[in-house]
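Asks: Could you work out the structure for the sequence below:
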Amino acid sequence: MLTADLARSRTTDETVTPLFIDPEEAHYRETARELIQLFESHLGEPKGDLEAEIDELTVADTDYKIVQGLAKLLTDECEFEIVAPVDPREIRRRLFEKANERYPIVRQPTLGEDTRKLEVYSWVADELGISLEECYRGMYADLEDNKRLVKVGTRTAEQYASDGDDSTSTTALTGRSDGDYEHTDLTVEWLLTRYNLALAQAVLYDATEMRVRVWDHFGTVFSYVKLFGLMHRIYPIDVDGERVPTTDQAAGFEAVLDGPASLFSQTQKYGIRMANFLPALPLCDRWEMTAEILVDDTTGETRQFTLDRSAELRSHYSAGEQFDSDVERTLARKWERANTEWELVREDDVFDLGAEVMIPDFAIEHPDGRRAILEIVGFWTPEYLDAKLEKIRGVEADNFVLAVSERLNCASEEFGSAADRVLGFKTGIHVYDLVDLADRVAVAPRPTT
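Replies: You can find the predicted model right below:
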């Protein structure tokens, strides 16, 4: 995403509006083409060299924020790695020890200093079994500017979720060349449309609340709501976006998003996660979004930001299955390795609770047709936990089972009629315990007539 200093928007007395660009404008297309070529030509080169050339390109262009913004988005799609035959810390340690052992530290350089340096580098290179040049370059290969661009490609939503608002790529010690992988080609069209999406995301950095209405692809959208740890309340709506009493009358759903679900994330602005969630909405054919944007920390004054499909934003997220948390992801992986006939599948049913609805996490299905519905209750804020427990108590389904974190210290009566269908867990959910619970309560679907 864009950093706050690269955001471009207009604020009036009532609204905040991103300053979108026209992806068809020739000047922007040429700039995007130059940047993409610049990144691809620097594969295998130091990050510092790439950034220096980007700065040169920026100086020659009057649209400073746009050029830097486009470059930032390309950088987010890159991987930079430490390229050195030996850990740079080990090279430094040996160089410093050898220099301290052989030569005194002096305030002023002497005529023999260069020779002494060469001798120290040669000794250490021989000890490590590397060349003199590898020793010299490897000494500071782990500095950010010296990391090498090894991949230009796309990132997944899970990576954004785990990074939070930090888009710096993970680095690793490696000696592989740029020929050892396949990278995804980035196009001018992709970059310019991604830039407009990023401008909209940047407005949401200071969001305090978001309301979204969707009329299709419900499971996909709400899986991203959970993926980014957003507390949510979901309501059935009609074709005009008005709330209706039950799901029987619903043409779509409205979600009110309040902020991160984890207490450990309260130090981050809620808006960062809302910004990360935004690309899920263009996956729908029809959607609307309204957000309250904080414009004055002192007074709490806000402005409204509205967006819908008319903005023609394009998503880079997958419409496939997403895991809402590390607990879910780990459970799915453990299930794949488990020896059981039961299958863990993503659940797309909706529990009608009247004014609200609840979308459970998984279904556990047996080949004979029996199935149980699973909801995972992880670590939430006290307020959100109370609301979630109220929803759970409203579910009337004998095959509804719960996996509940023991850190919540919930009493059994707080789960209502599901109290005898609760599996507690500490750090992870045990597959076979869950299978035993599902086998006890699962029911076959009613035959249709």
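Asks: CA atoms for contacts and neighbours, from now on please.
Replies: OK.
Asks: My read is that residue 406 contacts residue 425, right?
Replies: Yes. Shown here, residue 406 and residue 425 form a contact pair, counting by C-alpha atoms under 8 Å, at 5.7 Å.
Asks: I'd like the distance from stretch 412-419 to the chain centre, please.
Replies: 34 Å (C-alpha atoms, centre = their mean, to the nearest Å).
Asks: Stretch 365-385 too?
Replies: That offset, for stretch 365-385, works out to 23 Å (C-alpha atoms, centre = their mean).
Asks: and it, average pLDDT?
Replies: The predicted model gives stretch 365-385 an average pLDDT of 83.
Asks: Quick check: phi and psi on the nearest residue to residue 342 once chain neighbours are set aside?
Replies: Distances taken as C-alpha to C-alpha, 6 or more residues apart in numbering put residue 366 closest to residue 342, at 4.7 Å, once the chain neighbours are dropped. Torsion angles at residue 366 (phi, psi; degrees, to the nearest 10) stand at phi -110, psi 150.
Asks: Now do residue 366 against residue 22, distance only.
Replies: 52 Å (C-alpha to C-alpha, to the nearest Å).
Asks: just checking, residue 336 is part of a strand?
Replies: No. Assignment of residue 336 by DSSP: H, G, I helix; E, B strand; the rest coil gives helix, placing it outside any strand.
Asks: circling back: does the residue nearest to residue 342 really touch residue 345, like I thought?
Replies: No. Applying C-alpha under 8 Å as the test, residue 366 and residue 345 come out as separate, 10.8 Å apart.
Asks: Which neighbours do the two have in common?
Replies: Residues touching both residue 366 and residue 345 by C-alpha atoms under 8 Å, 6 or more residues apart in numbering: none at all.
Asks: Between the two, point out the one with more neighbours.
Replies: Taking other C-alpha atoms under 10 Å, residue 366 and residue 345 do not tie; residue 366 has more neighbours (20 against 15).
Asks: Let me see the contact set for the more buried one.
Replies: By C-alpha under 8 Å, 6+ apart, the residues touching residue 366 are 341-343.
Asks: got the contact list for stretch 298-318?
Replies: Stretch 298-318 is contacted from outside by 11, 13-17, 156-157, 193-194, 196-197, 203, 279-283, 285-296, using C-alpha under 8 Å, 6+ apart.
Asks: now swap in stretch 373-389 and tell me
Replies: Residues outside stretch 373-389 that contact it (C-alpha under 8 Å, 6+ apart): 231, 261-263, 328, 347, 360-364, 399-405, 407-408, 414-415.
Asks: ChimeraX command for the buried members of those?
Replies: Buried members of the contacts of stretch 373-389, defined by 16 or more other C-alpha atoms under 10 Å, are picked up in ChimeraX with:
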select :231,261,328,347,360,361,362,363,364,399,400,401,402,403,404,405,408,415
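Asks: Please flag which of the contacts of stretch 373-389 sit within strands.
Replies: Among the contacts of stretch 373-389, DSSP state E puts 231, 362-364, 400-405 in strands.
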